[in-house]
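Novice: just a sequence and a predicted model for now, questions to come.
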Amino acid sequence: MKSNILVVDDEPVARQSLSDILKLEGYIVSAVSNGQAAVEHVRTHAVDVMIVDLKMPGMDGLEVIQVVNQTSPETEIILLTAHGSIESAMQALRLRIHDYLLKPASPPQILASIKKGLSRRTSKSRVSAVAGSESTQDIFTLKDGTAVDLSRRQIKFKTKVEHLTPAEGRLLRILMENEGKVFSHRELVLLVQGYDTSQQEAPEILRPLVSRLRHKLEAFPSLSEKVVSVRGTGYLYEGGG
């Protein structure tokens, strides 16, 4: 099946040449000249990969990324910029983009980035399917009355209330919705943080997040030892609480 690529660039020549290169590679390509048009396109069409210019009049690339992350979180995003500023790169990476290329990026660079983004998207879909993310449950009530509200990211027991960060909430949701299932470190980084990483790096990325989550769960007797480490593999949520 051919993949859908959206090119967002206010420069007509850059937009046209990139579209032509991608069409020659067999992709289905749409191109728009501004951020607002990009957002509208993503709302009404399936987009596998979006290539967006950082500096555009009106709605710039970072604003487009923020909206697309909300409306189409499965779309992989490649940011193109002629301004190689570290600040923009860091801000973009925090917004969950797949890649960051300096203009003028060569066709092989762009094509390699798209291929990597598409394979990441496939692996993410596969992991999500395994995680059973189709059926989501927002509130878990445990035997002792502890309520875990995942939509509000809060845990309540009697007068005690603890709030979770978005990443902590995503991690706890994945584990609780799949009680007893062991997730590898790499799968969890992909599902929680939204990016692929190596089997070696993944435990280092996860460790501080799991540690913070466990610290919050310690205040609730029925949750305090439920997030269990599986040595050399990953984590699971042990039910029965």
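Specialist: Sure thing, it's come through.

Novice: pLDDT score for the residue nearest the centre of the chain?
Specialist: Nearest to the geometric centre of the chain sits residue 194, at 2.8 Å (CA atoms, centre = their mean). Model confidence at residue 194, given as pLDDT, is 70.

Novice: any low-confidence regions in the chain?
Specialist: 83-96, 123-137, 195-196, 240-241 (pLDDT under 70).

Novice: got the domain ranges for it?
Specialist: 4-130, 139-237 (automatic domain parsing).

Novice: my read: residue 153 touches residue 167, true?
Specialist: No: if you go by CB atoms under 8 Å, residue 153 and residue 167 don't touch, sitting 10.0 Å apart. Where C-beta positions appear, they are placed from N, C-alpha and C, glycine not excepted.

Novice: comparing the two, which shows the higher neighbour count?
Specialist: Applying other CB atoms under 10 Å to residue 153 and residue 167 shows that residue 153 carries more neighbours, namely 18 against 15.

Novice: contacting residues for residue 193?
Specialist: Contacts of residue 193 were listed using CB atoms under 8 Å, 6 or more residues apart in numbering, and they are 167, 205.

Novice: skipping adjacent residues, who's closest to residue 188 in space?
Specialist: residue 206 (5.8 Å; CB to CB, 6 or more residues apart in numbering).

Novice: give me the neighbour count for the one you found.
Specialist: 22.

Novice: can you give me the strands in the chain?
Specialist: Counting by DSSP state E, the segments of the chain that form strands are 4-8, 28-32, 49-53, 76-81, 99-102, 139-141, 147-149, 154-157, 160-163, 183-184, 227-230, 234-237.

Novice: what's the longest one packed up against?
Specialist: The one in question is strand 76-81. strand 49-53, helix 61-71, strand 99-102, helix 107-130 (3 or more CB pairs under 8 Å, 6 or more residues apart in numbering; DSSP states H and E).

Novice: export these to TSV and tack on distance to residue 81 and mean neighbour count?
Specialist: Shown next, in TSV, are those (distance: least, CB to CB, whole Å; neighbours: other CB atoms under 10 Å):
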stretch	distance to residue 81	mean neighbour count
strand 49-53	7	26
helix 61-71	7	18
strand 99-102	6	17
helix 107-130	13	16
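
Novice: alright, that wraps it up for me.
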